[in-house]
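Enquirer: quick one: sequence plus predicted model below, questions after.
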Amino acid sequence: MKHKQLSIPLMLISLPGIFLWVLLPIYIRELGYSTFQYSLTVSILSFTQIILKLVLGRVSDRYSRHHIFLCALLCCTVSYFIYAGATTLSIIILANIMNGIAGILLMMALIGLISDSNQKLGQQMGAFSSKQQIGRLAGVGICYLVLSSYEFVHGWSVLFLICGSASLLGFIYTLKSPEIPNKEITSEKKGKVKLSIEQRKIWCFNLCLSMVSAISGIIFIPYMQKVHGASIELITVVFLVPMIIFPFVSKKLGRVGDQRGYRRTILVSIAVCSMGALGLAFSPSLLLFAIICTAMDFFSTAQEYALDGAFIKGTSQAHIGDAFGKFSISNNLGGMVGAAVGGYIFDTIGSNVPYIVFAVMMLLLLPLGLYLIPPGKEQNRQERQVSSFL
């Protein structure tokens, strides 16, 4: 299976990639649950992913990337069908967990494929992401057509039946495609992976960053509803500009860290996001809120690619899944704590307080980043000229 052939299944499984997290808090509220209960579902998902990544990371290095990718597609399909029939919080949590497993496997498969091909991580993750963004944009169109024809709760079920069917088609397509052989996967010893000192420092920094990010991320949709009185249509408009732009710029955003240096990209992005969060907290209109969000999305995406690249740099192909699985645990630990804190602050203290807390804590992360993130070595001109395989 050539890398270009990944485009179709990636787009098919990414249909609900945007509207799922837009509609999920609204759907949970329609079922009679609070914002804090919604934040608990996110925390539970993060906790289960911590355990799963310890297992799935090592397993992904023992099997071909093709088989891991197939498992990701299958888990996506199952999760979408579960979402379609979810009427209680426990079933939604089950669907979240299954979708989380799919996300873990998909990320490890893509990271492994990039590592095997000896390409720059940030740039190629951006290339894969652009394909997913196209699928997400198509999914928003489908979402609009379905929800304009059905009552919201019934439309939710119809929507995920469509997504589940599309994901199943992606699975069948990939199943019939030729397999990409893993490089070095059978030639290196499969000993226990130990993180280097630099990787442990990056792991700790990512833990703090993930916790702070989750504080604001969890209240994104509830904030627009409560403060700006945004309907589903208006919330969709907020996502519209980045949805259209991201398929064209994702690869370039990934290239920023590869060319400008990972540490510089991370620190600049954190500073910009801190200032942007203050703008969100005191934004007088939904239009300004949307503009600031779009700008923050660009910087946070470049920061994510750069942080992944800084951690994975130097890791052998044979251990890429295990190493990245351990790194991703820091995302879930931070997300588990941050989501609960953000939901609690939003419900009990004030609607804009999570954004203020986010802004202050991001500034405090700057000196920590200078200490924990190693400065990148100079890259010569030839190393920077990376050819695209998509």
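Expert: On my side now, so go ahead. Numbers count the residues shown, from 1 in each chain.

Enquirer: run a quick neighbour tally on the spatially closest residue to Gly164 that is not a sequence neighbour.
Expert: In space, and not counting its chain neighbours, Gly164 is closest to Tyr80: 3.7 Å by CB to CB, 6 or more residues apart in numbering. To be clear about C-beta, it is placed using only N, CA and C from the backbone, and glycine gets the same treatment. Neighbour count for Tyr80, taken as other CB atoms under 10 Å: 27.

Enquirer: pretty sure Tyr80 contacts Leu169?
Expert: No - with contact defined as CB atoms under 8 Å, Tyr80 does not count as touching Leu169 (12.0 Å).

Enquirer: okay, now the unreliable bits of the protein?
Expert: Scanning the chain for pLDDT under 70 picks out the ranges 1-4, 54-63, 115-126, 179-193, 247, 314, 316-321, 376-390.

Enquirer: okay, which residue is most central for it?
Expert: When CA atoms, centre = their mean is applied to the chain, the residue found nearest the centroid is Gly103 (8.2 Å).

Enquirer: that residue and Ile244: what is the separation?
Expert: 23 Å (CB to CB, to the nearest Å).

Enquirer: go on, Leu365?
Expert: For Leu365, the distance to Ile244 - CB to CB - is 31 Å.

Enquirer: so those two - more neighbours on which side?
Expert: Taking neighbours as other CB under 10 Å, Leu365 and Ile244 compare with Leu365 leading, 19 against 12.

Enquirer: tell me which helix or strand the more buried one sits in.
Expert: According to DSSP states H and E, Leu365 maps onto helix 353-372.

Enquirer: buried set for that helix?
Expert: For helix 353-372, the neighbour count (16 or more other CB atoms under 10 Å) marks Val353, Pro354, Tyr355, Ile356, Val357, Phe358, Ala359, Met361, Met362, Leu365, Gly369, Leu372 as buried.

Enquirer: can you redo these as JSON lines with distance to Arg260?
Expert: Converted to JSON lines, the buried residues of helix 353-372 look like this (distance: CB to CB, whole Å):
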{"residue": "Val353", "distance to Arg260": "34"}
{"residue": "Pro354", "distance to Arg260": "30"}
{"residue": "Tyr355", "distance to Arg260": "28"}
{"residue": "Ile356", "distance to Arg260": "30"}
{"residue": "Val357", "distance to Arg260": "29"}
{"residue": "Phe358", "distance to Arg260": "24"}
{"residue": "Ala359", "distance to Arg260": "24"}
{"residue": "Met361", "distance to Arg260": "25"}
{"residue": "Met362", "distance to Arg260": "20"}
{"residue": "Leu365", "distance to Arg260": "19"}
{"residue": "Gly369", "distance to Arg260": "15"}
{"residue": "Leu372", "distance to Arg260": "19"}
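
Enquirer: cool, thanks, talk later.
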